[in-house]
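**Q** let me see the structure of the following:
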Amino acid sequence: MSTPHRITVIGAGFGALSSVRELRRLDPSVEITLVSPRAELHYLPGIIWIPAGLRTREQLVVPLTNFFARMKVTHVAAEVTGLRDGGRVLDTTAGEVHNDALVIASGGRFIKKLPGIEHAITPCEGITAAEKIRDRLRAMKGGTIAVGFAGNPNEPSAVRGGPMFEFLFGIDEQLKREGRRDQFELVFFNPAKDPGNRLGPKAVRHLLAEMARRNIRTHLGHKMVRFEADKVVTEGGEFPANLILFMPGMTGNLWFEKTELARSPGGLLKADAQCRVEGTQHVYVVGDSGSFPGPDWMPKQAHMADLQAAAAAQNVLAGLRGQTPAATFKVELMCIIDALSQGTLVWRTPTRNIILPSSRIFHWAKRWFEGVYLKKYR
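**A** Model (predicted):
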């Protein structure tokens, strides 16, 4: 009787957990080990609702102990520090983890090079950042709130702009509800003239029109220079800011540098259409960690990570069985840009780009989806 194949998954986010589910669905016998610092899923799409009190930390942190038991997953609570022997030995803070195949879904890292970036809050760093925004807003009596994002110049897809539009519109709506919007100025800034262009041209026009309708000032098309405690400085001028929310571009994890894995110009793991890291055997990447072939608007979002995870899982098992890995993933951007009480649906594929304007239905659809998605893991 042959011993079961050992598959290691790195990460506890959307791509990692979708990989586990798909691997287990396709093969009940493989041994799955998952390496992450904690046995928890942090549902980051929900952090946009923390400042307004629609969500709390407790609602967005899902313990994974029961999920791991159901899926027969061994969890190693550790940080990854390196990779050896062609990917077969993973170095972690809890020792070596050996595998026959590896799926890397450890997310991305934000580029914190801009001078003065310590004066800004980076919302997508997690629940703590969103709580900090909530607390700062509560303490403010008025002033200017600046919201912006930038990309990785060497990796067009390594940007996360959607949540920043949601924080912007959500804060505008929250201040209106609290009866103090007239005490604040909101400014949206971005080095591009057409921010959010990965959502498609229609979406950009809609977002800018929405900002104008909400009396949100824009500062667009100027390269960032620095942040100060009370201002944003760009090559096209500066403006005061009492609270700065800024999402920098993304790059790969620090531990990638201690490996021989192929990297893209932007520092992510270079993958082929089957999600295999180029030049490796049985090493796959899904989600924010990877640089994939495809259109430059390919999103860094949970939906895309789920699609990549399904392909990677099929290919991992095919490779271990001596077959040629052939599964590819669909490129699709699907998101609801929420504004606390209503939302805008954006859908983009290589052939279509649809935007459905603001509706209360989409806000409630986003909340419904959260419940359905998390039910798999609770």
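
**Q** for stretch 205-225, buried residues please.
**A** 206, 207, 208, 210, 211, 214, 216, 218, 219, 220, 222, 224 (16 or more other Cβ atoms under 10 Å). C-beta coordinates here come from the backbone N, C-alpha and C atoms, glycine included.

**Q** tell me the average confidence for stretch 233-253?
**A** With pLDDT averaged residue by residue, stretch 233-253 scores 97.

**Q** can you list the low-confidence ranges for the protein?
**A** Low-confidence segments of the chain, defined by pLDDT under 70, are located at 1.

**Q** residue ranges for the helices of it, please.
**A** With helices called from DSSP state H, the chain shows them at 14-26, 57-60, 65-70, 127-139, 162-177, 201-213, 302-320, 360-375.

**Q** out of those helices, which gets nearest to residue 114?
**A** Nearest to residue 114 among these is helix 162-177; the distance by Cβ to Cβ comes to 15.2 Å.

**Q** so what secondary structure elements neighbour the closest one?
**A** Contact here means 3 or more Cβ pairs under 8 Å, 6 or more residues apart in numbering; DSSP states H and E; on that basis helix 162-177 packs against helix 127-139, strand 143-149, strand 184-190, helix 201-213, strand 243-247, strand 333-338.

**Q** at 6 Å instead, please
**A** For helix 162-177, the packing partners by 3 or more Cβ pairs under 6 Å, 6 or more residues apart in numbering; DSSP states H and E come out as strand 143-149, strand 184-190, strand 333-338.

**Q** so the shortest one versus helix 360-375, what angle?
**A** Regarding strand 333-338 and helix 360-375, their directions subtend 120 degrees when assessed with axes from the mean of the first three to the mean of the last three Cα atoms, to 10 degrees.

**Q** kindly report the same for the second one.
**A** Here strand 184-190 points in a direction 70 degrees away from that of helix 360-375 (the same axes, to 10 degrees).

**Q** what packs against strand 184-190?
**A** Judged by 3+ Cβ pairs under 6 Å, 6+ apart, the packing partners of strand 184-190 are strand 143-149, helix 162-177, strand 217-220.

**Q** dump those into TSV; add distance to residue 195 as well.
**A** Conversion of the helices and strands packed on strand 184-190 to TSV gives the following (distance: least, Cβ to Cβ, whole Å):
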stretch	distance to residue 195
strand 143-149	8
helix 162-177	8
strand 217-220	6
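
**Q** of the ones you listed, which is nearest residue 2?
**A** In terms of Cβ to Cβ, the element of the helices and strands packed on strand 184-190 nearest to residue 2 is helix 162-177, at 45.5 Å.

**Q** quick one on the thing from earlier: can you add mean neighbour count and give the helices and strands packed on helix 162-177 back as CSV?
**A** Shown next, in CSV, are the helices and strands packed on helix 162-177 (neighbours: other Cβ atoms under 10 Å):
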stretch, mean neighbour count
strand 143-149, 23
strand 184-190, 21
strand 333-338, 23
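
**Q** follow-up on the earlier one: of the buried residues of stretch 205-225, closest to residue 146?
**A** Of all these, the one with the least separation from residue 146 (Cβ to Cβ) is residue 219, at 8.3 Å.

**Q** the closest one: what's it in contact with?
**A** 187, 189 (Cβ atoms under 6 Å, 6 or more residues apart in numbering).

**Q** the chain should start at 26 in everything you say after this.
**A** Understood, numbering begins at 26; the last thing we discussed is residue 244.

**Q** just put the helices of the chain in JSON lines and tack on distance to residue 175.
**A** Below are these laid out as JSON lines (distance: least, Cβ to Cβ, whole Å):
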{"stretch": "helix 39-51", "distance to residue 175": "23"}
{"stretch": "helix 82-85", "distance to residue 175": "26"}
{"stretch": "helix 90-95", "distance to residue 175": "35"}
{"stretch": "helix 152-164", "distance to residue 175": "17"}
{"stretch": "helix 187-202", "distance to residue 175": "10"}
{"stretch": "helix 226-238", "distance to residue 175": "16"}
{"stretch": "helix 327-345", "distance to residue 175": "20"}
{"stretch": "helix 385-400", "distance to residue 175": "25"}
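
**Q** including distance to residue 129, could the helices and strands packed on helix 187-202 go into JSON lines?
**A** JSON lines is the format used below for the helices and strands packed on helix 187-202 (distance: least, Cβ to Cβ, whole Å):
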{"stretch": "strand 168-174", "distance to residue 129": "25"}
{"stretch": "strand 209-215", "distance to residue 129": "30"}
{"stretch": "strand 358-363", "distance to residue 129": "22"}
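
**Q** much appreciated, bye for now.
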